[in-house]
Every structure is written in structure tokens, then in C-alpha cells.
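Peer 1: Kindly return the folded structure for what I paste below:
(one chain, ligands or ions: 1)
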Amino acid sequence: MVDVVITGLGAASRLGIGVDALSRGMAEVRYAPPEPIADPGARVPVPLFYRLPDEQLPPGPDEALGLPVGRANLLALDSARQATRSARLVPDPDTRVSVLIGSSVADVHVVERWRTDGYPQRSRWVPVFSAASAIAADLGADGGAVSLSNACSGSGYALAIGADMIAAGETDVVVAGGMETYSRVALACFNRLGALDPNGIRPFDRHRAGSILAEGAGCLVLESAEHAHRRGAPVLARLLGSGWSCDGHHATAPDPTGTQIARAMRAALDDAGATPDDIDFLVPHGTGTERNDATESVAMATVFGDRLAKIPLYSLKALIGHTGGASAALAVAAAVLFCQQGWLPPNVPVAEPDPDCPVLLPADRTPLPGRTGMVNAYAFGGNNMSLIVAGGE
Ligand SMILES: CC(C)(COP(=O)(O)OP(=O)(O)OC[C@H]1O[C@@H](n2cnc3c(N)ncnc32)[C@H](O)[C@@H]1OP(=O)(O)O)[C@@H](O)C(=O)NCCC(=O)NCCSC(=O)CC(=O)O
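Peer 2: This is a model prediction of the structure:
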């Protein structure tokens, strides 16, 4: 049995660049309503989006490997650099490093912009794989670069597959995470689906009406405990297990029975050698759509029974919006911080809790009885994922 540990973290969200910005923003509940996007080309009824101020964007290359580096790639590259810096990872020809990055639409905005801003003299290829490849090149990582487009649970899959690669002895170190930025196409799709809330994202509120999309990136460094110990790396937390499933039900709507998302939670617990009673906190997917929050509540009640009403949840998307392919990695990064500090930050207050969602969302800072949490991530296509994070050493 290989103990997979988390030795590095990197983050970017509307709260700022870096894990400290995420941590501070959560602790201070810096809620701000989503801004209307300044994009005349968008032409949508709900033009709301969370984005980092331009001046906070990290410096970075305009291109990598000859491919354009747009905002999503830039944020992913910077998060990977933050994560490897905090893991004190230095290039070593004897260490196999693998990179796995999830995203829904990556830097498609670069191509979208050509329609309004004019086509460049020389058209450029903007593939989804460019972030993983750019990060691998930047780190000198030759253990494989993998890109996952499992929509909003993509970075959860990146982490789970990365942990499995370590456990199987296929690689030594994994840099895994995800990224997303503003895309007209994504925003138009969510508008067309009626999946955005003009009043802002309100997970588990009786009057919730949809999500709010957001820019963000998150990267984590994973390795075996033995490898981390050998190179004297800081152990921030452990990734105890993961589980996944597919609804096989509908392209965009979850199976309302929640059968498969409960199965993913149980699979993650089994993989972690844990039981529902071991879970001290939950970071739900909580997109603020009527269907996600109701279905996720049904599934959590199936797995945790009456105890669900006593397990505190931290609803990250209520604060930072739905960062799509980055959301699972940012949720795991938040869970690592919770395990380290031993408390959950105050949730953005829920104005009117939905009686159909019997979950506990404390509006105050909440001490944790233990250091084991579950993170859920779901996606269009019915791609369900749960991960178990626990305190280090
Ligand atoms: C998307 C929904 C709001 C849609 O619910 P509805 O009951 O309104 O469904 P509906 O079938 O009437 O569809 C609404 C409108 O979208 C259109 N529509 C539906 N599917 C479409 C498709 N594939 N392409 C183009 N249009 C489509 C329909 O024609 C309709 O348009 P018209 O109104 O013109 O007739 C709901 O299923 C939902 O909340 N799903 C998401 C749940 C969630 O948050 N899951 C979390 C994981 S997903 C996630 O986190 C995001 C991600 O992975 O990216």
C-alpha cells in the first residue's frame, strides 16, 4: 500500500494569485457579487463572470513550444510553478515527473477573439494539450504529460489518476491540477442551458437558480510518502483515496437518484480504507444549480445518513464561483488548508437554506474534530469524482 502525499500547492482564483490569497480570502469571506463581463461580443442575457483583475495576472510567456499561452495556460503554468516551488522540487534526471491537467475549454478564448479582434497574420493552433506540455517543458518533466477534458471534474480525475500512477510505481512525482478562464462559447452554452443565476451563485439556497462561471487554476504536487521523505519535502497532507463513476444518464443533467455519485463517494472511502464516520468535513461540488445541489444532497444523505446534518460543509464555489476544470483542484487545495489549520472558514451565508438539502453550512469559523475531508467534483457527461484528503504525517 503506497501512501500518496501532497507536497506542493498552487492556486489562482478571483481571490488572487497564490495559496495565501485563497486562504486569506476564505478566512475573511471576501464575498463580492460577480462582475458583468466587459465583452461586447458576448451578447448573452446573464453576462456575469468572476475574473482576476488584469494587473494581478502573473508574468509569463506569450507562447510556449511555439503555441500561444492564453490566460488559462498562464494561470496553470503559474500554479504549477507555485506548487513545485512549495514542494521544493528541483530538476533531477533520476526523478520521473508527470503532469496531468484538466480543463473544459482551456484557451479557446484566444480563437474566439479572432472573430471580433481580427485574425492574426499567421493562424495559431490553440490545443487543449498545450498547458500540460508547457508545464512539462517548464519543469523538465519527462514522465508524461496528460490533458483531461472531463469538463468540471477534470482536475479531480487528474489528481486521482496521478495518485494511481504513483501507487503503481509508474512515476515518482505528479504535478496535477486544472485551469479555466473566460470563454464566450462556455458562457453562451450556460446561458442557453439556463444554468446561470442572474443574482449570483447561491449553492444550497432555496432560491438558487444556477452557477456563476469563474476563472481559476490549481495545481498540486503528489508523490509517495517514502519519496517525499527521502528528498526532505514538506508533507502538507495525504491524498488517501479517490473514486469515480459515470451516470450514463444525460449530457447535462445529473441522474436525480444520485446513485452513481453516491457510488463514487463510497469508492473513494473504500480506496482510502475509511468509512463515512471518518469524514470530518465535506467540500461539495455545490454548483448552485437546482439539480446539482438537490442530487448531491440526496447522494450525501445516502452515504452519510443522519450524520450528514452534523458534518460541516465548506461551499467554495459560493465564494469564488465555478472554476470549471480547475474547481476540483482548488477544492482539494482548500481541503489541504483545512486539514493543516484544523478549522473550516465561515461559509458565505445562505440566505434561505433549502429544506431539500439537509446540509450544514456554518456561517462561522468551525473547529474540526479530526483532519479527514471529502471533496466532490461532478461534470457534464455525468462524470462524478470524490477524493479523500487527510492531515499529513
Ligand atoms: C442544464 C440544466 C439547467 C438544464 O435543465 P432543463 O430542465 O432546463 O433542461 P432542458 O433540457 O429544457 O434544457 C434547457 C435548454 O438548453 C437546451 N439544451 C439542452 N442541452 C443542449 C445541448 N446539448 N446543446 C444545445 N442546447 C441544449 C435545450 O434545448 C433548452 O433550450 P430551450 O430553453 O431554448 O428549449 C440542468 O440539467 C442542470 O442544472 N444541469 C447541471 C447540473 C449541475 O450543476 N451539475 C454539476 C455538474 S456539471 C458542471 O459542473 C459543469 C460542467 O461540467 O461544465
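Peer 1: Find the residue closest to residue 194 in space, skipping its chain neighbours.
Peer 2: Nearest residue to residue 194 in three dimensions, chain neighbours excluded: residue 210, at 7.0 Å (Cβ to Cβ, 6 or more residues apart in numbering). Using the backbone N, CA and C atoms, a C-beta is placed for each residue, glycine as well.
Peer 1: quick one: the helix or strand hosting residue 269 near the ligand?
Peer 2: Assigned by DSSP states H and E, residue 269 belongs to helix 259-272. No: figure legend: helix 259-272 not in contact with the ligand (Cβ under 6 Å from any ligand atom); closest approach 9.5 Å.
Peer 1: What residues of that helix count as buried?
Peer 2: 260-269, 271-272 (16 or more other Cβ atoms under 10 Å).
Peer 1: Around the ligand, which positions in this protein sit nearby?
Peer 2: 104, 151-152, 192-195, 251-254, 285, 287, 289, 291-292, 324, 378-380.
Peer 1: Average pLDDT for stretch 83-92, rounded please.
Peer 2: In this model, stretch 83-92 has a mean pLDDT of 96.
Peer 1: how long is it end to end?
Peer 2: Stretch 83-92 has its terminal residues 17 Å apart, counting by Cα to Cα, to the nearest Å.
Peer 1: And it, what's buried?
Peer 2: 83-84, 86-87, 89.
Peer 1: try stretch 319-332
Peer 2: 319-332.
Peer 1: out of those, which are inside helices?
Peer 2: Cross-referencing the buried residues of stretch 319-332 against helices under DSSP state H gives 319-320, 327-332.
Peer 1: Output these in a markdown table; the columns should cover pLDDT.
Peer 2: Formatted as a markdown table, these follow (pLDDT from 0 to 100):
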| residue | pLDDT |
| --- | --- |
| 319 | 98 |
| 320 | 98 |
| 327 | 98 |
| 328 | 98 |
| 329 | 98 |
| 330 | 99 |
| 331 | 99 |
| 332 | 99 |
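Peer 1: Would you mind extracting the C-alpha trace of stretch 216-230 into PDB?
Peer 2: These are the backbone C-alpha positions of stretch 216-230, laid out as PDB (Å, rounded to 0.1, in the frame of the first residue of the first chain):
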ATOM      1  CA  GLY A 216      -9.000  29.900 -11.900                       C
ATOM      2  CA  ALA A 217      -6.300  27.400 -11.700                       C
ATOM      3  CA  GLY A 218      -5.000  25.000  -9.100                       C
ATOM      4  CA  CYS A 219      -2.000  22.600  -9.100                       C
ATOM      5  CA  LEU A 220      -0.800  20.100  -6.500                       C
ATOM      6  CA  VAL A 221       2.400  18.100  -6.300                       C
ATOM      7  CA  LEU A 222       1.900  14.400  -5.400                       C
ATOM      8  CA  GLU A 223       4.400  11.800  -4.500                       C
ATOM      9  CA  SER A 224       4.800   8.700  -2.300                       C
ATOM     10  CA  ALA A 225       5.400   9.400   1.400                       C
ATOM     11  CA  GLU A 226       8.600   7.500   1.000                       C
ATOM     12  CA  HIS A 227       9.800   9.600  -1.900                       C
ATOM     13  CA  ALA A 228       8.900  12.800  -0.100                       C
ATOM     14  CA  HIS A 229      10.700  11.700   3.000                       C
ATOM     15  CA  ARG A 230      13.800  10.700   1.000                       C
END
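Peer 1: which parts of it are buried?
Peer 2: 216-225, 227-228.
Peer 1: want to throw those into TSV with secondary structure and pLDDT?
Peer 2: Shown next, in TSV, are the buried residues of stretch 216-230 (DSSP: H, G, I helix; E, B strand; the rest coil; pLDDT from 0 to 100):
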residue	secondary structure	pLDDT
216	strand	98
217	strand	98
218	strand	98
219	strand	98
220	strand	98
221	strand	98
222	strand	98
223	strand	98
224	strand	98
225	helix	98
227	helix	98
228	helix	98
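Peer 1: Low-confidence regions, this protein specifically.
Peer 2: Judged by pLDDT under 70, the chain has its weakly predicted residues at 393.
Peer 1: which residues in the stretch 101-250 of the chain form helices?
Peer 2: 108-117, 130-139, 154-167, 184-193, 225-230 (DSSP state H, counting those that start in this stretch).
Peer 1: Identify, out of those, the most deeply packed stretch.
Peer 2: helix 154-167 (a mean of 26; mean count of other Cβ atoms under 10 Å).
Peer 1: what's the angle from that helix to helix 130-139?
Peer 2: 50 degrees (axes from the mean of the first three to the mean of the last three Cα atoms, to 10 degrees).
Peer 1: Pull the distance from helix 154-167 to the chain's centre.
Peer 2: How far helix 154-167 lies from its chain's middle: 13 Å, per Cα atoms, centre = their mean, to the nearest Å.
Peer 1: Stretch 170-180 too?
Peer 2: For stretch 170-180, the distance to the chain centre is 13 Å (Cα atoms, centre = their mean).
Peer 1: Quick check: buried residues in that stretch?
Peer 2: Result for stretch 170-180 [16+ other Cβ under 10 Å]: buried residues 171-180.
Peer 1: Quick check: the farthest pair among the residues you listed?
Peer 2: 172 and 180 (28.2 Å; Cβ to Cβ).
Peer 1: Specify the local secondary structure of residue 30.
Peer 2: State at residue 30, reduced to three classes by DSSP: H, G, I helix; E, B strand; the rest coil: coil.
Peer 1: My read is that it contacts residue 13, right?
Peer 2: No: look at residue 30 against residue 13 with Cβ atoms under 8 Å: they stay out of range, at 10.8 Å.
Peer 1: okay, now residue 27: neighbour count?
Peer 2: For residue 27, the neighbour count with other Cβ atoms under 10 Å is 14.
Peer 1: Could you check how many residues crowd around the spatially closest residue to residue 97 that is not a sequence neighbour?
Peer 2: Closest residue in space to residue 97, ignoring its immediate chain neighbours: residue 141 at 3.7 Å, by Cβ to Cβ, 6+ apart. Applying other Cβ under 10 Å, we find 25 residues neighbouring residue 141.
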